[in-house]
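Undergrad: need the 3D shape of this:
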Amino acid sequence: MDAGQADAVVWRNRALNLFDRVTVPVAVCDVYGRVVLANPAMSAECGTTPGRLRGRDVLELFRPEESTQVDRIAQALRLRHRSRYQISVRWSAPDGTERHGELTADPVSDGVHDTPALLVMLRVDGTRTPPPEHETPQVTKVEARVLALLAGGATTDRAARELALTRDGVTYHLRRLSTRWNAANRTELVARAYAEGILRPGVWPPEATEPG
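TA: Numbering: from 1, shown residues only. Below is the predicted model:
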């Protein structure tokens with residue numbers, strides 16, 4: 001082994017040691033999302049060991065909140081775009097509670113034309129807990145208007161235009177509602193809004209009642 005190879009081995013070992021010590025959940029995945037390498041913090045979120053995560057699909061471990069996010073990223077990777085990609089996800093913690101957060105994926109490779117790997121980091125937001133059954137969930141006026149637009153079939157972009165918000169602003173409110181109500185998707189959000197009296201029954205287009 002020459003001096004250059006020896007230095008490369010030393011730096012690789014140092015990098016792996018640092019990778020294992022990082023407290024943020026991190027994994028390296030291939031372009032298809034299969035885990036190649038995971039640090040202990042990432043495997044702890046899945047209740048297993050780094051070795052047992054190898055070969056698993058990261059989007060089966062951490063379920064996307066919106067499939068359209070994944071479709072956009074897959075298209076971008078096919079076109080060899082090298083942006084940072086973010087996906088809102090949820091998953092079951094080892095103790096059975098549902099957690100949610102955000103996966104950030106950065107394409108990395110030695111050369112511009114090489115097929116990239118994905119450096120994936122997980123930001124954990126917290127644990128979802130449903131409100132007490134006897135308590136009617138409260139919403140803000142903006143949240144109520146978002147729900148009314150959603151019930152009328154509005155897309156995120158249209159809701160943003162109607163409310164003078166950014167697209168991310170609408171997504172933020174939907175994510176807060178999903179967390180508060182433990183809702184799995186937008187259909188469940190709308191159904192819950194009608195069940196709780198937040199949207200007026202028998203009215204079209206959908207209309208919000210005055211929030212408490």
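Undergrad: mind jotting down where the strands sit in this protein?
TA: Using DSSP state E, the strands found in the chain span residues 26-29, 35-38, 63-64, 85-92, 98-108, 117-127.
Undergrad: select, out of those strands, the one closest to residue 206.
TA: Proximity to residue 206 (Cβ to Cβ) singles out strand 85-92 among the strands of the chain, at 24.4 Å. Using the backbone N, CA and C atoms, a C-beta is placed for each residue, glycine as well.
Undergrad: which positions in the closest one come out as buried?
TA: 85, 87, 88, 89, 90, 91 (16 or more other Cβ atoms under 10 Å).
Undergrad: for stretch 203-212, same thing?
TA: Those would be 206, 208, 209, for stretch 203-212 by 16+ other Cβ under 10 Å.
Undergrad: kindly reformat the buried residues of strand 85-92 as TSV containing distance to residue 175.
TA: Formatted as TSV, the buried residues of strand 85-92 follow (distance: Cβ to Cβ, whole Å):
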residue	distance to residue 175
85	17
87	12
88	6
89	11
90	10
91	15
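Undergrad: out of those, which is nearest to residue 188?
TA: Nearest to residue 188 among these, with distances taken as Cβ to Cβ, is residue 90, at 12.9 Å.
Undergrad: so the closest one touches residue 66, yeah?
TA: No. If you go by Cβ atoms under 8 Å, residue 90 and residue 66 don't touch, sitting 11.2 Å apart.
Undergrad: lowest-confidence entry in the buried residues of strand 85-92?
TA: Minimum pLDDT for the buried residues of strand 85-92 is recorded at residue 85 (76).
Undergrad: isn't it up against residue 105?
TA: Yes. Between residue 85 and residue 105 a contact is recorded at 4.6 Å, counting by Cβ under 8 Å.
Undergrad: where does pLDDT dip in the chain?
TA: Residues of the chain that meet the criterion pLDDT under 70 lie in 1-20, 67-83, 109-116, 126-137, 210-212.
Undergrad: is the closest residue in space to residue 104 that isn't next to it in sequence in a bridge, and if so with what?
TA: Spatial nearest neighbour of residue 104, excluding adjacent residues (Cβ to Cβ, 6 or more residues apart in numbering): residue 121 at 4.8 Å. Assessed by DSSP bridges, residue 121 has beta-bridge partners residue 26, residue 104.
Undergrad: what about the residue minimising distance to the centre of the chain, distance to residue 36?
TA: Closest to where the C-alpha atoms of the chain average out (Cα atoms, centre = their mean) is residue 88, at 1.6 Å. As for residue 88, its distance to residue 36 is 23 Å (criterion: Cβ to Cβ, to the nearest Å).
Undergrad: what's the answer for residue 108, then?
TA: In this view, residue 108 and residue 36 are 12 Å apart by Cβ to Cβ.
Undergrad: overlap in contacts, the two.
TA: Common contact partners of residue 108 and residue 36 (Cβ atoms under 8 Å, 6 or more residues apart in numbering): residue 117.
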